[in-house]
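> sequence isn't available, so here's the structure alone:
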């Protein structure tokens, strides 16, 4: 792909002529870089990619993108950006031809419930005869392949390559857990979401985020990545999450049990064998039964119902 297309939408400076330069690959890994590639010097939390610029130049890269000036031979293009960490995923999105825009992408964030909700939505989509992939804590489930997950949300190189493969395999939906770390570290920059679910927030991961306010702010970044016409799906029973209703400039669908919501549960019957209740929705009531137990799973089911409503999946399919 042409370098100028890879840099589309990114503010950069260069004194070199880059028009017509064809690029083989885009990477931030100095070990994986090869001749004709672009190397992006990303400042990591333990390693600074700028330290490897001389090493990748020796491997005959076509261009190096960095935050600070550096010396290069005449055959290597030097490009400067203000923040390589945020530019890198945008470049990858361009390199893989923006796969998330052609897919229906559902993101789930929050302290609890993410994995369960992704499984519920995956099965609703299966009932709707829609091909879907799941990217989450347990594993990454693609068309004919299950990959053990190292992170809840993969890094931008793996994520964009995965989305492109999902699209190439003819699948239409991706359901993914989106961690606060991935949002803070720009791993999902460049991914466009059709629905974004926020389940709840408790005092976890404060070793990384330091305060619950910072943790919350990282989660909220997910809604900045909603497509036009996308929906924010909020747990109205969580005070902090529910407080976002008036600040998101996209369609908002609330779900909850204790507080009045767009999608709620009535006539709840819990037992050791499962749960039964009526989900009240904007398209009418749905009588549901599930083998999942506990009130927290009633809430998880409501989140999946609200997501299905936002995607236009009919109630009978959801019920089955």
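Looks like it arrived, so ask away. Values in this document were obtained by computation on a predicted structure and should not be read as measured data.

> switch to C-alpha atoms for all contacts and neighbour counts from now on
Fine.

> if I look at the residue lying closest to residue 314 once chain neighbours are set aside, how far off is residue 263?
Leaving out its chain neighbours, the residue that sits closest to residue 314 by C-alpha to C-alpha, 6 or more residues apart in numbering is residue 308, at 7.8 Å. Between residue 308 and residue 263 the computed distance is 11 Å (C-alpha to C-alpha, to the nearest Å).

> neighbour-wise, which of the two wins?
Applying other C-alpha atoms under 10 Å to residue 308 and residue 263 shows that residue 263 carries more neighbours, namely 26 against 20.

> quick one on the thing from earlier: and the one helix or strand the residue nearest to residue 314 maps to, what does it pack onto?
Following DSSP states H and E, one finds residue 308 within helix 295-310. In terms of contacts (3 or more C-alpha pairs under 8 Å, 6 or more residues apart in numbering; DSSP states H and E), helix 295-310 is packed against helix 114-127, strand 193-198, strand 226-235, strand 251-256, strand 263-271, strand 274-281, helix 315-319.

> and these, which is most packed in?
Burial among the helices and strands packed on helix 295-310, expressed as mean neighbours by mean count of other C-alpha atoms under 10 Å, is greatest for strand 193-198, which shows a mean of 27.

> quick one: low-confidence ranges for the stretch 151-300 of the chain?
In the prediction, the stretch 151-300 of the chain carries residues with pLDDT under 70 at positions 203-209.

> would you confirm that residue 166 contacts residue 145?
No. Residue 166 lies out of contact with residue 145 (C-alpha atoms under 8 Å); the separation is 10.8 Å.

> ok so, going back, report the distance from the helix holding residue 308 to the chain centre.
19 Å (C-alpha atoms, centre = their mean, to the nearest Å).

> what comes into contact with that helix?
106, 113, 116-118, 120-121, 124, 195, 197, 199, 231, 233, 235, 253-257, 263-265, 270, 275, 279, 281, 292, 314-315, 318 (C-alpha atoms under 8 Å, 6 or more residues apart in numbering).

> what ranges do the helices span in this protein?
3-6, 53-57, 84-95, 99-102, 114-127, 156-168, 180-184, 206-209, 212-220, 239-242, 295-310, 315-319 (DSSP state H).

> how about those helices in JSON lines, adding distance to residue 63?
Conversion of the helices of the chain to JSON lines gives the following (distance: least, C-alpha to C-alpha, whole Å):
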{"stretch": "helix 3-6", "distance to residue 63": "9"}
{"stretch": "helix 53-57", "distance to residue 63": "8"}
{"stretch": "helix 84-95", "distance to residue 63": "13"}
{"stretch": "helix 99-102", "distance to residue 63": "24"}
{"stretch": "helix 114-127", "distance to residue 63": "39"}
{"stretch": "helix 156-168", "distance to residue 63": "18"}
{"stretch": "helix 180-184", "distance to residue 63": "27"}
{"stretch": "helix 206-209", "distance to residue 63": "33"}
{"stretch": "helix 212-220", "distance to residue 63": "32"}
{"stretch": "helix 239-242", "distance to residue 63": "43"}
{"stretch": "helix 295-310", "distance to residue 63": "42"}
{"stretch": "helix 315-319", "distance to residue 63": "50"}
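
> out of the ones you listed, nearest to residue 191?
Nearest to residue 191 among the helices of the chain is helix 99-102; the distance by C-alpha to C-alpha comes to 5.7 Å.

> buried ones in the closest one?
99, 100 (16 or more other C-alpha atoms under 10 Å).
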